[in-house]
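**Student:** here is my input, please return the structure:
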Amino acid sequence: MKHPETPPAFAKIFPTVTKDTNRFIEVVRLSNDERYKGQYLHWDKVKRLHPPQGFSREEVWMSLKFSRIGMRQIPLTDSKGNNFQFCVPDIVLKELHEIDIGAGGALGVPEPITNPQTKDRYLIRSLMEEAITSSQLEGAATTREVAKEMIRTGRAPRDTGEQMILNNFVTMQTITELKKEALTPKMVFAIHKLVTEKTLDDATAAGRFRRPDELRVVGDDYGEVFHAPPPAEQLEARLAAMCDFANGVTPPYFVHPVLRAIMLHFWLAYDHPFVDGNGRTARALFYWSMLRENCWLFEFISISHILRKAPAKYGRSFLYTETDDNDLTYFIVAQTQVIKRAIEALHSYVDAKTAEMQELESRVRAINLFNHRQAALIRHALKHPFQVYTFGSHQKSHQVAYQTARTDLLDLQAKGLFDARKRGRKIAFTSPDDLSSRLRKVGKTAEKA
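**Tutor:** As a prediction, the model looks like this:
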């Protein structure tokens, strides 16, 4: 990834343009040109676009910067003591509105997510997806299939990549338990320790600040430095300031909860307070912040799944902020778009699973392997994983003789569709999580017969 060029200094362009009032007015209006509207462009992109006839790229840049006057500062500062700042352009307002609709209330939320019987299936899927892709962003080479098998079976990790994924899975589970608690340095250390357990060269580095001799700049293989974190001596005070910001103590004005979570994500990543695991910890804190603000849908959403598809864009959003007067809006624009796409991905996944269930229900009726009572039970079980059925419950539901209910359930068990085990004197039949795949297998066998 190439380091973006630092933009021309506004202070150098401004005096030249303001010598002619009419010219100045024309330059200010350039930001309304169609080629720039609806975007939040960095100089790195502006310099590649042909400016309107009669104007220079520098004048276009001055116009864009002029339209961003009135930014608000947050307590995060750079190495020179300058505050980071942000604005909320229309492009962000639109995304925030759509996130508010989808992430906080029931409006537009898929029914399977709100259904107590099915929501756990989607929760586990989301936790695994975030754990895997967040680790892959940091270099874990383990495939999704192998990682899911490890988590589902509970086997021990075989290498560092698998350990990173398991750590992230445990961390995400923990985050959902900590969502009501205020953020403290102790909690941040605990989260970092979970994220890095058994993955660091120096095991003592888990859950503590990096030391002065452990400073690691962020760069590439060719020696180009992208980011130099603040010195270790400042980390204690900076972490305390970050916790105040996360808990809403600062700044002295309202910050939209989604923006606060995004800026918290940036803050931890910028300070880079740990030897390793900073990115994973930063994303975990983003989730903590969103859940703390009752954006409960984020238990089911994976942002790293989206970030993994365009890691360079993720990195550039950090660099654009650092190279243009600490303007956090670049990172905010990128992350609100990621969040929106993550919500859309969840809806698409749920829609696909719902369609799959409907198709399976049709096949249950079509393959003619089951009587109407069994077909009804299977349709119910597809929507209620881990539901328990007994001879008595089936008998009562369909008003049949005990022997008929017994024959129905034992037949379903014999076909491999339900798991059964004794509970005292009764036999309990459980709807397995993989019932859909078992049903397909039975259907294919029947079609071949």
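
**Student:** all strands of the stretch 251-400 of the chain, in order?
**Tutor:** Along the stretch 251-400 of the chain, counting by DSSP state E, counting those that start in this stretch, strands occupy 388-389.

**Student:** mind checking pLDDT for the residue nearest to Lys415 when sequence neighbours are not counted?
**Tutor:** Excluding its sequence neighbours, the residue lying closest to Lys415 (C-beta to C-beta, 6 or more residues apart in numbering) is Val442, at 5.5 Å. C-beta: built from backbone N, CA, C; applies to glycine. We have a pLDDT of 85 for Val442.

**Student:** hang on, Val442 in a helix?
**Tutor:** Yes - Val442 sits within a helix when classified using DSSP: H, G, I helix; E, B strand; the rest coil.

**Student:** that one: what's it in contact with?
**Tutor:** Neighbouring residues of Val442 by C-beta atoms under 8 Å, 6 or more residues apart in numbering: 367, 369, 415-417.

**Student:** filter those residues down to the buried ones, ChimeraX style.
**Tutor:** Buried subset of the contacts of Val442, written as a ChimeraX selection, criterion 16 or more other C-beta atoms under 10 Å:
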select :367,369,415,417
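
**Student:** okay, who's weakest in the contacts of Val442 by pLDDT?
**Tutor:** Ile367 (72).

**Student:** how far away is that residue from Thr390?
**Tutor:** Using C-beta to C-beta, to the nearest Å, Ile367 is found at 26 Å from Thr390.

**Student:** what's in contact with the helix or strand harbouring Lys422?
**Tutor:** Assigned by DSSP states H and E, Lys422 belongs to strand 419-423. Strand 419-423 has contacts (C-beta under 8 Å, 6+ apart) with 409, 413, 427-430, 432.

**Student:** hey, C-alpha coordinates of it in PDB?
**Tutor:** Extracted in PDB, the C-alpha atoms of strand 419-423 (Å, rounded to 0.1, in the frame of the first residue of the first chain):
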ATOM      1  CA  ASP A 419     -30.900 -37.300  18.200                       C
ATOM      2  CA  ALA A 420     -32.400 -39.200  21.100                       C
ATOM      3  CA  ARG A 421     -31.300 -39.900  24.700                       C
ATOM      4  CA  LYS A 422     -32.900 -41.000  27.900                       C
ATOM      5  CA  ARG A 423     -34.000 -38.500  30.500                       C
END
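
**Student:** still on that earlier bit, strands - which of the contacts of strand 419-423 land there?
**Tutor:** 427-430 (DSSP state E).

**Student:** so which of these comes closest to Leu41?
**Tutor:** Thr430 (55.8 Å; C-beta to C-beta).

**Student:** out of everything not next to it in sequence, what's closest to the closest one?
**Tutor:** In space, and not counting its chain neighbours, Thr430 is closest to Asp419: 4.7 Å by C-beta to C-beta, 6+ apart.

**Student:** residue contacts, the most centrally placed residue in the chain?
**Tutor:** Residue closest to the mean C-alpha point of the chain, counted by C-alpha atoms, centre = their mean, is Ile303 at 2.2 Å. Applying C-beta under 8 Å, 6+ apart, one finds that Ile303 lies in contact with 130, 283, 286, 335, 338-339, 342.

**Student:** farthest pair in those?
**Tutor:** Largest separation among the contacts of Ile303 by C-beta to C-beta: Glu130 and Gln335, giving 14.9 Å.

**Student:** and the gap between the residue nearest to Thr430 and Ala446?
**Tutor:** In terms of C-beta to C-beta, Asp419 sits 21 Å off from Ala446.

**Student:** then Ser437?
**Tutor:** From Ser437 to Ala446 the distance is 15 Å (C-beta to C-beta).

**Student:** do the same with Arg72
**Tutor:** Counting by C-beta to C-beta, the gap from Arg72 to Ala446 is 65 Å.

**Student:** contact partners of the helix or strand harbouring Ala237?
**Tutor:** Per DSSP H and E, Ala237 falls inside helix 235-246. Helix 235-246 has contacts (C-beta under 8 Å, 6+ apart) with 74-76, 182-185, 188, 209-210, 230, 250-251, 260, 263-264, 267-268, 271, 273, 285, 289.

**Student:** of those, grab the buried ones for ChimeraX.
**Tutor:** Provided next is the ChimeraX selection string for whichever of the contacts of helix 235-246 are buried by 16+ other C-beta under 10 Å:
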select :74,76,183,188,209,210,230,250,260,263,264,267,268,271,273,285,289
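
**Student:** filter the contacts of helix 235-246 down to the ones in helices?
**Tutor:** Mapping the contacts of helix 235-246 onto helices (DSSP state H) picks out 185, 188, 260, 263-264, 267-268, 271, 285, 289.

**Student:** give the pairing partners of the strand holding Lys422; include direction for each.
**Tutor:** Here strand 419-423 is paired, per DSSP bridges, with strand 426-430 (antiparallel).

**Student:** and the partner strand, how far out from the chain middle?
**Tutor:** Distance of strand 426-430 from its chain centroid, counting by C-alpha atoms, centre = their mean, to the nearest Å, is 38 Å.

**Student:** so where's the stretch 201-350 of the chain shaky on pLDDT?
**Tutor:** Across the stretch 201-350 of the chain, the ranges flagged by pLDDT under 70 are 217-225.

**Student:** what do you get for the stretch 51-200 of the chain?
**Tutor:** Along the stretch 51-200 of the chain, the parts satisfying pLDDT under 70 run over 103-111, 113-121.

**Student:** all helices for it, in order.
**Tutor:** Using DSSP state H, counting those that start in this stretch, the helices assigned to the stretch 51-200 of the chain run over residues 57-67, 90-103, 111-114, 119-137, 144-153, 160-178, 185-196.

**Student:** can you tell me how far Gln85 is from Thr323?
**Tutor:** Applying C-beta to C-beta to Gln85 and Thr323 gives a distance of 14 Å.

**Student:** sorry, back to before: closest one of the contacts of Val442 to Phe331?
**Tutor:** Using C-beta to C-beta, Leu417 is the member of the contacts of Val442 that lies nearest Phe331, at 49.3 Å.

**Student:** what are the phi and psi values at the closest one?
**Tutor:** Per-residue torsions, Leu417: phi -90, psi -30 (degrees, to the nearest 10).

**Student:** and the gap between Asn278 and Cys295?
**Tutor:** For Asn278 relative to Cys295 (C-beta to C-beta), the value is 23 Å.

**Student:** let me know the secondary structure of Lys2.
**Tutor:** Lys2 falls in the coil class when you classify it by three-state DSSP.

**Student:** kindly state the pLDDT recorded for it?
**Tutor:** Reported pLDDT for Lys2: 81.

**Student:** from Thr196, how far off is it?
**Tutor:** Applying C-beta to C-beta, one obtains 30 Å for the distance of Lys2 from Thr196.
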